[in-house]
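Engineer: Sequence first, then the predicted structure:
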Amino acid sequence: MLSGSGMRECATLGLNLSFDQEEDQIMIPNKHFPLKLLIAALAAAAGGCATNTPSQQADWTYCAKYGNAPECAGVQAPAPVAAAPAPAPAEPTVVVAMEGPPNKAGECYTKVYAPAQYRDEPVQEMVRPASERSEFTEPVYEEVEERVMVKPAWKKVTVVPAEYGQVEERVLVREAYKREIEIPALYNTYFEKTLEKPARQVWKPGRGTVEKIDPNTGEILCLVEEEAVYKTVERKELARAASKSYQDVPAEYATVTKTVVTKPESLQEEEIPAVYETHKVTKLVKAPEQTKVAVAPEYATVNKQVMVSPERGEWVQVLCDVNATPQRIQQVESALKSQGYPVGVDGQIDAQLTDSVRSFQEKNGLHANGLMTAETLAKLGVELQ
């Protein structure tokens with residue numbers, strides 16, 4: 001997975017990637033790398049990059065950081081290589097390639113995307129399309145006399161009330177029955193004293209004869225005697241069980257006076273004729289006529305966003321993994337710290353360092369992506385190689 005035939009390797013910002021040209025796949029051994037740097041490194045691996053570091057050296061650099069990864073089984077440290085003579089100091093430059101990454105030994109690139117640029121441009125735009133408006137002529141009315149029914153014929157119904165009379169009647173008020181008498185149970189009551197809580201010794205805050213210090217709070221505790229607590233319990237003992245007895249109660253009667261209908265209620269109908277009046281009424285002589293009137297469209301000047309330049313990607317030189325040594329990272333951290341950025345000088349690439357690099361890029365007018373590009377290192381005064 002780390003190396004093999006038909007594969008290119010790229011080390012960017014401490015992440016080792018392998019791109020298999022035959023299978024058209026990207027191998028990602030480091031699954032715990034910050035997401036933003038991982039996306040940038042994926043772009044570099046997909047486009048390809050050149051390095052003069054052998055595959056064995058790239059494997060060892062990765063496994064030195066992530067020795068527990070399964071692909072690091074059997075990877076050994078490469079044989080020491082004689083150090084190349086230091087190159088003559090030169091003015092740091094930034095290489096940008098639009099077609100593809102430059103294929104130069106010892107250099108790594110990543111593709112950085114710039115968003116599209118827009119500007120506001122005034123344009124004439126239709127705010128209301130052409131339409132038709134309906135217009136109506138005034139209706140024509142005239143007044144005429146007309147006999148109008150103001151109240152229709154109807155039937156008047158009168159209720160003739162019913163007639164009633166009084167009669168006496170002996171009625172049963174209550175039937176004979178047996179009355180049940182409850183004889184309650186009889187109990188003897190006894191009172192007993194029982195132990196509710198025994199005497200005990202407890203540790204309480206304060207000073208006393210026996211003391212100790214609470215290991216959690218550091219508070220002084222003393223041993224206190226708590227007396228036993230008793231309660232009085234009431235106990236009842238049955239002396240005589242509950243029982244029942246029954247008593248016969250005779251029926252009861254009463255004489256009542258009742259009102260009864262001697263003549264039922266009836267209805268009496270009376271025919272009431274309709275009522276008419278002569279009124280002047282307004283009648284429609286000529287209905288309104290509809291005509292269609294054409295309405296011209298309306299236009300207004302509005303601001304519209306016009307694209308000035310489309311979204312584009314460019315290849316930017318970045319710090320290779322073989323050059324991202326703890327000493328080189330410490331140089332970057334020291335340069336950022338000297339300018340007031342909150343970073344630790346520990347030679348480790350972490351989220352705090354990435355955020356500080358991004359803040360530095362924003363302040364200095366660079367593309368703020370958090371990557372250690374050649375342009376960023378040049379601004380910090382740190383050599384790329």
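Structural biologist: Perfect, thanks for sending it.

Engineer: pLDDT wise, what is residue 252 at?
Structural biologist: Here, the pLDDT recorded for residue 252 equals 89.

Engineer: ditto for the one 4 residues further on
Structural biologist: Residue-level confidence at residue 256 comes out at 88, pLDDT.

Engineer: For it, name its beta-bridge partners.
Structural biologist: residue 169 (DSSP bridges).

Engineer: Same question for residue 277.
Structural biologist: residue 148.

Engineer: Disregarding residues adjacent in the polypeptide, which is nearest to residue 250?
Structural biologist: Residue nearest to residue 250 in three dimensions, not counting chain neighbours: residue 176, with 5.2 Å by CB to CB, 6 or more residues apart in numbering. (Each C-beta comes from the backbone N, C-alpha and C, glycine too.)

Engineer: How much space separates the one you found from residue 253?
Structural biologist: Counting by CB to CB, to the nearest Å, the gap from residue 176 to residue 253 is 11 Å.

Engineer: Same question for residue 128.
Structural biologist: Distance of residue 128 to residue 253, computed by CB to CB: 96 Å.

Engineer: ditto for residue 207
Structural biologist: 90 Å.

Engineer: With residue 174 instead?
Structural biologist: 9 Å.

Engineer: And for residue 370?
Structural biologist: From residue 370 over to residue 253 (counting by CB to CB), the distance is 108 Å.

Engineer: neighbour-wise, which of these two wins?
Structural biologist: Comparing residue 370 with residue 253 by other CB atoms under 10 Å, the one with more neighbours is residue 370, at 22 against 10.

Engineer: where does that one fall, helix, sheet strand or coil?
Structural biologist: coil (DSSP: H, G, I helix; E, B strand; the rest coil).

Engineer: go on, residue 317?
Structural biologist: Three-state assignment for residue 317 (three-state DSSP): strand.

Engineer: quick one: it and residue 376 touch, right?
Structural biologist: No - counting by CB atoms under 8 Å, residue 317 does not reach residue 376; the two are 10.4 Å apart.

Engineer: what about the helices in this protein?
Structural biologist: For the chain, applying DSSP state H gives helices covering 35-47, 55-65, 326-338, 351-363, 374-380.

Engineer: quick one: the shortest one to chain centroid distance?
Structural biologist: Read that as helix 374-380. 41 Å (CA atoms, centre = their mean, to the nearest Å).

Engineer: where does the stretch 51-200 of the chain dip in pLDDT?
Structural biologist: 51-100, 103 (pLDDT under 70).

Engineer: again, only using 90
Structural biologist: 51-121, 123-128, 132-150, 156, 162-200 (pLDDT under 90).

Engineer: mind listing the strands for it?
Structural biologist: Ranges of strands in the stretch 51-200 of the chain, per DSSP state E, counting those that start in this stretch, are 96-97, 108-114, 117-128, 131-136, 140-151, 154-160, 163-174, 177-183, 186-197, 200-205.

Engineer: Can you give me the buried ones in the second one?
Structural biologist: Read it as strand 108-114. Within strand 108-114, the residues that qualify as buried are 108, 109, 110, 111, 112, counting by 16 or more other CB atoms under 10 Å.

Engineer: Parallel or antiparallel, list what pairs with it.
Structural biologist: strand 312-318 (antiparallel).

Engineer: Go through the strand it pairs with and flag the buried ones.
Structural biologist: Those would be 315, 316, 317, 318, for strand 312-318 by 16+ other CB under 10 Å.

Engineer: For residue 259, list the residues it contacts.
Structural biologist: For residue 259, the contacting residues are 164, 165, 166, by CB atoms under 8 Å, 6 or more residues apart in numbering.

Engineer: Next, the contact list for the nearest residue to residue 139 once chain neighbours are set aside, please.
Structural biologist: Of all residues not flanking residue 139 in the chain, residue 288 sits nearest, at 4.7 Å (CB to CB, 6+ apart). Residue 288 makes contact with 136, 137, 138, 139, according to CB under 8 Å, 6+ apart.

Engineer: Among those residues, which one lies nearest to residue 384?
Structural biologist: Residue 384 lies nearest to residue 136 out of these, by CB to CB, at 83.1 Å.

Engineer: Give the bridge partners for that closest one, please.
Structural biologist: Bridge pairing for residue 136 - DSSP bridges - gives residue 290.

Engineer: Just confirm it contacts residue 290, I think it does.
Structural biologist: Yes - at 5.5 Å, residue 136 counts as touching residue 290 under the criterion of CB under 8 Å.

Engineer: thinking again about what came up before, ok, of the contacts of residue 259, which come out buried?
Structural biologist: For the contacts of residue 259, buried by 16+ other CB under 10 Å: none.

Engineer: With distance to residue 307 as extra columns, can I get those in a markdown table?
Structural biologist: Formatted as a markdown table, those follow (distance: CB to CB, whole Å):
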| residue | distance to residue 307 |
| --- | --- |
| 164 | 101 |
| 165 | 106 |
| 166 | 106 |
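
Engineer: wait, which of these is closest to residue 243?
Structural biologist: Closest approach to residue 243 among the contacts of residue 259 (CB to CB): residue 166, at 50.7 Å.

Engineer: burial measure for the residue nearest to the closest one when sequence neighbours are not counted, as a count.
Structural biologist: Leaving aside its chain neighbours, residue 166 sits nearest to residue 257 (5.5 Å; criterion: CB to CB, 6+ apart). Other residues near residue 257 come to 8 when the count uses other CB under 10 Å.

Engineer: Now do the contacts for residue 257.
Structural biologist: So residue 257 contacts 166, 167, 168, 169 (CB under 8 Å, 6+ apart).
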